[in-house]
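J.: Give me a 3D structure for the following:
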Amino acid sequence: MKTVRQLLGEKGHTVYTIAPGATVFEALERMADCNVGALVVIDDGEVVGLISEREYARGVILKGRFSKDTPVREIMKHQVVCVGSRQKVDGCMALMTDNRVRHLPVLENGQLAGIISIGDVVKAIIEDQQFTIEQLEHYIRGSG
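T.: Numbering: from 1, shown residues only. Just a heads-up that it's a prediction; the model follows:
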């Protein structure tokens, strides 16, 4: 099973961030420009939150607020589940499932090193299962 470090090696380490004082509208613009569904909220170089389309829907739309008047800090997820680069991908799936999150920032030596999504994790697990199936098929056929 792949580690988060291997996954980031394939996917890349780019992480899109925003400050807690930015407006939700600015966050939405950044997500759209970067074609991502979440931004890590950074304050003084530290991860302090996460804002996703989910927080927007629940914290602005459903409450009748305005995205241009609402700061990110008011709707961001404050309790951010993070992982280390040595974490196995299947462990990430368990964390995401248990905590009902779709994005995991990756910290290495206390620094933000990347972010993985549920899509990244599912893809890696499917690839691993496909490899196992192929190995078993070769074994059964006696060609390996």
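
J.: can we go C-alpha only for contacts and neighbour counts from here?
T.: Noted.

J.: What's the local residue count around residue 10?
T.: By other Cα atoms under 10 Å, 9 other residues sit near residue 10.

J.: does residue 39 have beta-bridge partners, and which?
T.: Residue 39 forms beta bridges with residue 51, as assigned by DSSP bridges.

J.: Surely it is in contact with residue 18?
T.: Yes: assessed by Cα atoms under 8 Å, residue 39 is found in contact with residue 18 at 6.4 Å.

J.: Quickly list what's touching both of those two.
T.: Jointly contacting residue 39 and residue 18 under the rule Cα atoms under 8 Å, 6 or more residues apart in numbering are residue 27.

J.: quick one, which of those two is more surrounded?
T.: Of the pair residue 39 and residue 18, residue 39 is the one with more neighbours under other Cα under 10 Å, namely 25 against 22.

J.: Okay, now the unreliable bits of this structure?
T.: Judged against pLDDT under 70, the low-scoring parts of the chain cover residues 143-144.

J.: Just want the most central residue of this protein.
T.: The centroid of the chain falls nearest to residue 103 when counting by Cα atoms, centre = their mean (2.4 Å).

J.: Quick one: neighbours of the closest residue to it other than its chain neighbours, just the number.
T.: Nearest non-adjacent residue to residue 103, counting by Cα to Cα, 6 or more residues apart in numbering: residue 117, 4.4 Å away. Using other Cα under 10 Å, residue 117 has 19 other residues around it.
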